[in-house]
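A.B. asks: What shape does this take:
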Amino acid sequence: MSLVRKIKRTLRGGVAPTAAARELLRRSRVRLDRRRERARLGKMQERAARLRPAFATKTGAELLDHFRTRSQPRLLPGFSIDAGPLQSKLFPEATQQLFSQAERIVNGHSWPLLGIGETAFGEQIDWHRDPLSKFHWPLDYHADLNLFRDDGSDARVLWELNRLSHFLTLARAYAVSKDERFAAEFFAQLESWYSQNPYGMGVNWNCAMEVALRATNLLGAVQIFRHSELFDEQKLARLLAMFDQHGNFIRQNLEFSHIATSNHYLSDVVGLAWLGIMLPELQAAAEWREFGLREVLSEMDKQVLPDGADFESSTGYHRFVLELFLYTFLLCRANNIEVEERYWSKLRQMLDYVKSYLRPDGRAPLVGDSDSGQFLPITKHLGDNHAYVLAIGAVAFGDAKLTVPNQELCEELLWTLGPTGLRKFETLQKDADLPGSQSFPDTGIYILRERDLYLLFNASHAGIQGRGSHGHNDALSIEVSACGRVFIVDPGTYVYTGDLEERHKFRSTASHSTVTIDEAEQNTTDPQSPFVIGNEAKPKIVAWETTDEWDFVSAEQYGYARLPESVTHSRKVTFYKSRRYWLVEDGFNGWGEHRLDVRFHFDAGLDVGLLDEKTVSAYDKETGAKLLVKSLELPDCPAFEKQFVSRDYGSKQPSVTARWSVNHKVPFKLRWVLLPVCSGEDEVQRLQLIQKTQGTVSADC
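C.D. replies: Numbering: from 1, shown residues only. Now for the predicted structure:
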């Protein structure tokens, strides 16, 4: 990459000269620090855990007894060996699945990985082999590795394996059964991982965030397995050395920048806070705890917008960041560590945002990137399942307003908040209500909804104050759900570095339900980089109003101002609540003649085709519901494009996009009716009534 290109990429989004200068100095210090780190890698691997004097003088047997029997600090109120009996009593079907998963881990070294599904890792697990491409990552110094290979290898997939979250499955199964085979497998895999991953070497030490998430998963597993009869002095010494290494590595390799921080740096400092709180026996624990907690709150000030949304323009990363804050605040509460009320208030806003954007089917729209990441994943959830976090939040705040209708009792409640949390939830869930239409002007998300009708209007920027990273080219796109079924969706993410062509396709303008002009992207992207995106679109809300009878939102975006003949795209959406339909109006202001492509991206599993009078019908056989999409101006029929939808990282399902295309001079205007038809309704009569109201140009297809 050329020096000029590197500088432009670094300074994208508008960076103050002082911040740029400070960042230059920081990077110079990092280079010096890494030279020193290289020189002492061998010593770090061999070094025993650095214990505080009061514990360093204990014999191995005394130290083992201390860790076996200590009641403080507490990981989380419910994360205990005592949770096992309640797990089997309250969740019998889930417990059977838990045992089945644990048995497959023990007998076949096989467990689910992201959206890839069940994956077998062989008799001897190779912690450096990509499960998909089979590429074997070299055991080089962590900072020398190039993650963006574009050869099918995907560090994100390998990192998921090395987060060791399947240890939580073994631990929970052990808590229920006390079966020492699960403990034996945990300790054997732990030794295997340690022997293959010397400190600071290889892809599994490349990213401090991954080190932090691995450390917290290990803390959770050890909280249970410390009760095993197989837990001895040697295993304790190994674990303490690993925790000391992990904390030291995070502290020395923080993903901080004076230009911008993100969920990566937040994960780093959360990891330090957890290690510092849970391992006060270590010399560095007090500093990790103080620094980690201070930075966690500082990052909340930076990363949570005034309306409660995460600043990365991604609902997937909002869930992940919310978990980081929520579980950390609960950890503090469990250990009598005070967190200022204003931060609890911010946390509450984050939960309110989740409840507002959940569709009537209880699933989340996947705006922006989603890599299906979870923090301390007690159970694994698809990328679009966010409701379980609300259950925990509702109990944490003692507020039924955070629950959603028909919200089920979830295992996370038991393991995070214990029996008391379960009892509180049983009383809270009875009062849940449906949210109404809402606006989130800081993040640019607007929800137009009434009972089973739901439309999300996306006017979000690229994210991270214009720098982008996990945002998509989705300005003025929509998502639509009706009659208990989602119809128009954001396509999701699917993949990062494993396939750059697919990566850019999923986040492209043409994959979203919005407009492309002259086949250009709304924001510039770099074909060689999976995470660089410009902020040329800069969506701006012009008007927002909501009443009992209708909602109205109007916005415009400027991504096409850079065309030789500039065009501004505006979109207005009017929701007629009592008549149960939306009117979408696209306006184009500027100069010259342009190709205009308007797309509506339908969910997987729908029958999509044409009705009479060039109306597109998306039909769900299971419910009998339809969504009709009709152009009120264009005389030509839409084309149908084969595309995909991804609900979970690494998986995709075929779907269909309807595309209307026209070459026309601007200024120009196009209108669309979005009419949901639930089972038993007369679609022809309803469509005719709307056409009389709005006017239409008829033509044969």
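
A.B. asks: CA only for contacts and neighbour counts going forward, please
C.D. replies: Fine.

A.B. asks: Could you tell me which ranges of the protein sit under the pLDDT cut-off?
C.D. replies: Filtered on pLDDT under 70, the chain yields the residue ranges 1-12, 429-431, 613, 685, 692-693, 695-701.

A.B. asks: Where do the domain boundaries of it fall?
C.D. replies: Structural domains assigned to the chain are 40-256, 304-435, 439-694, following automatic domain parsing.

A.B. asks: need the helices for the stretch 101-250 of the chain, in chain order.
C.D. replies: 155-162, 166-177, 180-196, 208-225, 233-252 (DSSP state H, counting those that start in this stretch).

A.B. asks: what angle sits between the longest one and helix 208-225?
C.D. replies: What it means is helix 233-252. Here helix 233-252 runs at an angle of 150 degrees relative to helix 208-225 (axes from the mean of the first three to the mean of the last three Cα atoms, to 10 degrees).

A.B. asks: helices or strands next to the helix or strand just after helix 233-252 in the packing?
C.D. replies: Counting by DSSP states H and E, the next helix or strand C-terminal to helix 233-252 is helix 263-278. Counting contacts by 3 or more Cα pairs under 8 Å, 6 or more residues apart in numbering; DSSP states H and E, helix 263-278 packs against helix 208-225, helix 233-252, helix 285-303, helix 315-334.

A.B. asks: And the contacts of helix 263-278?
C.D. replies: With Cα atoms under 8 Å, 6 or more residues apart in numbering as the test, helix 263-278 has contacts from 73-75, 208-209, 211-213, 215-216, 219, 243, 247, 250-251, 254-256, 284-293, 295-296, 299, 317, 321, 324, 328.

A.B. asks: will you turn the helices and strands packed on helix 263-278 into CSV that also has mean neighbour count and distance to Val157?
C.D. replies: Putting these into CSV (neighbours: other Cα atoms under 10 Å; distance: least, Cα to Cα, whole Å) gives the following:
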stretch, mean neighbour count, distance to Val157
helix 208-225, 24, 12
helix 233-252, 19, 20
helix 285-303, 19, 26
helix 315-334, 23, 17
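
A.B. asks: closest one to Ala561 among those?
C.D. replies: helix 315-334 (27.7 Å; Cα to Cα).

A.B. asks: Figure out which of the helices of the stretch 101-250 of the chain is closest to Gly605.
C.D. replies: Gly605 lies closest to helix 155-162 among the helices of the stretch 101-250 of the chain, at 26.5 Å (Cα to Cα).

A.B. asks: Which parts of that closest one count as buried, going by neighbours?
C.D. replies: Residues 155-162 are the ones in helix 155-162 that count as buried (16 or more other Cα atoms under 10 Å).

A.B. asks: Against which helices or strands is that helix packed?
C.D. replies: strand 110-113, helix 208-225.

A.B. asks: Now the shortest one: buried residues?
C.D. replies: Going by neighbour count (16+ other Cα under 10 Å), the buried part of strand 110-113 is 110-111, 113.

A.B. asks: would you turn those residues into CSV with distance to Gly418?
C.D. replies: Output for these, formatted as CSV (distance: Cα to Cα, whole Å):
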residue, distance to Gly418
Ser110, 29
Trp111, 26
Leu113, 27
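
A.B. asks: Tell me the one among these nearest to Asp371.
C.D. replies: Nearest to Asp371 among the buried residues of strand 110-113: Leu113, at 11.6 Å, using Cα to Cα.

A.B. asks: partner residues bridging that closest one?
C.D. replies: Beta-bridge partners for Leu113, by DSSP bridges, are Gly117.

A.B. asks: measure Asn194 to His601 for me?
C.D. replies: Check again: residue 194 is Tyr, not Asn. Tyr194 is 46 Å from His601, where distance means Cα to Cα, to the nearest Å.

A.B. asks: can you give me the helices in the stretch 451-600 of the chain?
C.D. replies: All helices of the stretch 451-600 of the chain, identified by DSSP H, counting those that start in this stretch, fall at 500-506.

A.B. asks: Would you format the domains of the chain as JSON lines with distance to Arg31 included?
C.D. replies: JSON lines is the format used below for these (distance: least, Cα to Cα, whole Å):
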{"stretch": "domain 40-256", "distance to Arg31": "10"}
{"stretch": "domain 304-435", "distance to Arg31": "28"}
{"stretch": "domain 439-694", "distance to Arg31": "23"}
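
A.B. asks: out of those, which comes closest to Val15?
C.D. replies: Closest among the domains of the chain, using Cα to Cα: domain 439-694, at 9.2 Å.

A.B. asks: Disregarding flanking residues, what is the spatial nearest neighbour of Asn663?
C.D. replies: Arg595 (4.4 Å; Cα to Cα, 6 or more residues apart in numbering).

A.B. asks: In contact with the residue nearest in space to the middle of the chain, which residues?
C.D. replies: The centroid of the chain falls nearest to Gly316 when counting by Cα atoms, centre = their mean (2.6 Å). With contacts defined as Cα under 8 Å, 6+ apart, Gly316 is in contact with 366-372, 383-384.

A.B. asks: Now, those residues that are in helices?
C.D. replies: Among the contacts of Gly316, DSSP state H puts none in helices.

A.B. asks: hmm, back to that, among Tyr194 and His601, which residue is more densely surrounded?
C.D. replies: When neighbours are counted by other Cα atoms under 10 Å, His601 comes out ahead of the other of Tyr194 and His601, with 30 against 15.
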